[in-house]
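Peer 1: would you be able to build a 3D model of this:
(one chain, ligands or ions: 1)
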Amino acid sequence: MDLSTTIAGIKFPSCFMNASGALCVTREELVALGRSQAGAIVTKSMTVETRQGNPAPRYYGFPGGSINSMGLPNLGYLAYAELIPELKKFGKPVIASVAGLCEDDFPAIARTIDDAGPDLIEVNLSCPNIPGKPQIGYDAEASERLMKRLRKLITVPMGVKLPPYFDPAHHKLMGDVIGRCGVDYLNLINSVGNGLVVDSRTETVVIKPKGGFGGLGGTIIKPVALANVRAFWKHFDGRIPIIGTGGVMNGVDAFEHVLCGASAVQIGTVLVEEGLGVFNRLEVELAACLDKKGYKSVADCRGRLKEL
Ligand code: RRO
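Peer 2: Below you'll find the model as predicted:
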């Protein structure tokens, strides 16, 4: 079964990879992703300075998913710029995720990281967890300004990681914006921001930052992720490749993302909960699912969701 995929002209040996944030902050974690069966190495979103992130506990897994408020812990962009040539030796694409605490942080990071030669750069417009900083992706004008600015600096394929949108009017608004910015691929979706998980036994929140509010991931967000993949796939008539992220715990979840239009699939919660062995399991499960349905590859069924 052919589980390879191509995004913006870059060939991935497998369509499964880590979601930015999951096991990809340190050199050790990134090297372990390189040695694993993952189809790519995706870095943690990077900022200008090294960051410890928010106080713990800041991640909590529960049967239906996870909530996190990590607060952008990362090594700082200069450390990732130095690491990228080493990571490229694993023979699979390296995706550098670029963030910032304000719009003006992004350009310097993008310039230096572009020089370091990752295969793709992903602009994170959707971190929900920095106290007092709204997600850029919910401000269409700021998103357009920033994407146009970065497009001039980035020479490798440029993707954007978007937050979930919950109304067709917002899919259209952001779709139109993205169509004007020369974006090469979309990553849909980041965590569903500012949810609240309550432990009724202890009568407390489960994570410390922001009074317990944090980004939701895992099974509970799958329908939201699928809706966003589908909405943007339709908006662009399949012409902008999509990485589907959100709620993938098994091979059938991945198949659903592909049916909605995803060219590749990223995993966050299940990677954190299960570890690197999950990549092999998901590949076996997706291959079995495609085989049973008579598909020969991921490309074979992409976007083929039937409507009633
Ligand atoms: O570090 C985080 O708190 C974080 C980020 Br940057 C993001 O984009 N999405 C998320 O769920 N957490």
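
Peer 1: could you pull out the helices in the stretch 1-150 of the chain for me?
Peer 2: Assigned helices in the stretch 1-150 of the chain, in chain order: 27-35, 77-88, 106-116, 140-153 (criterion: DSSP state H, counting those that start in this stretch).

Peer 1: do the third one and the ligand meet at all?
Peer 2: No - against the ligand, helix 106-116 shows no contacts by CB under 6 Å from any ligand atom, the least distance being 13.2 Å. (Glycine included, C-beta is placed from N, CA and C.)

Peer 1: can you tell me the SS state at residue 202?
Peer 2: Here residue 202 is recorded as coil under DSSP: H, G, I helix; E, B strand; the rest coil.

Peer 1: neighbours around it, how many?
Peer 2: Using other CB atoms under 10 Å, residue 202 has 8 neighbouring residues.

Peer 1: correct me if wrong: residue 125 contacts residue 133.
Peer 2: No - applying CB atoms under 8 Å as the test, residue 125 and residue 133 come out as separate, 11.8 Å apart.

Peer 1: the two: which has the busier surroundings?
Peer 2: The neighbour comparison of residue 125 against residue 133 (other CB under 10 Å) goes to residue 125, with 24 against 13.

Peer 1: can you pull the contacts of residue 98?
Peer 2: Going by CB atoms under 8 Å, 6 or more residues apart in numbering, residue 98 touches 45, 46, 77, 106, 109, 110, 113, 121, 122, 123, 124, 150.

Peer 1: if I look at the last one, how far off is residue 56?
Peer 2: Spelled out, that is residue 150. Distance, residue 150 to residue 56, by CB to CB, to the nearest Å: 32 Å.

Peer 1: okay, now residue 85: neighbour count?
Peer 2: If you count neighbours by other CB under 10 Å, residue 85 ends up with 12.

Peer 1: I'd assumed residue 116 was in contact with it.
Peer 2: Yes - under the criterion of CB under 8 Å, residue 85 makes contact with residue 116 at 6.8 Å.

Peer 1: residues from the stretch 201-308 of the chain in reach of the ligand?
Peer 2: Counting by CB under 6 Å from any ligand atom, the stretch 201-308 of the chain sits next to the ligand at residue 215.

Peer 1: quick one: residue 288 is in a helix?
Peer 2: Yes - inclusion of residue 288 in a helix is indicated when three-state DSSP is applied.

Peer 1: hmm, it is touching residue 252, no?
Peer 2: No - the criterion here is CB under 8 Å, and residue 288 misses it with residue 252 at 9.5 Å.

Peer 1: quick check on residue 186: phi, psi?
Peer 2: Torsion angles at residue 186 (phi, psi; degrees, to the nearest 10) stand at phi -120, psi 140.

Peer 1: strands of the stretch 201-308 of the chain, start to end?
Peer 2: With strands called from DSSP state E, counting those that start in this stretch, the stretch 201-308 of the chain shows them at 204-205, 213-217, 242-245, 264-267.

Peer 1: could I get those as a markdown table with mean pLDDT and mean neighbour count?
Peer 2: Formatted as a markdown table, the strands of the stretch 201-308 of the chain follow (pLDDT from 0 to 100; neighbours: other CB atoms under 10 Å):
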| stretch | mean pLDDT | mean neighbour count |
| --- | --- | --- |
| strand 204-205 | 98 | 14 |
| strand 213-217 | 98 | 26 |
| strand 242-245 | 99 | 29 |
| strand 264-267 | 98 | 29 |
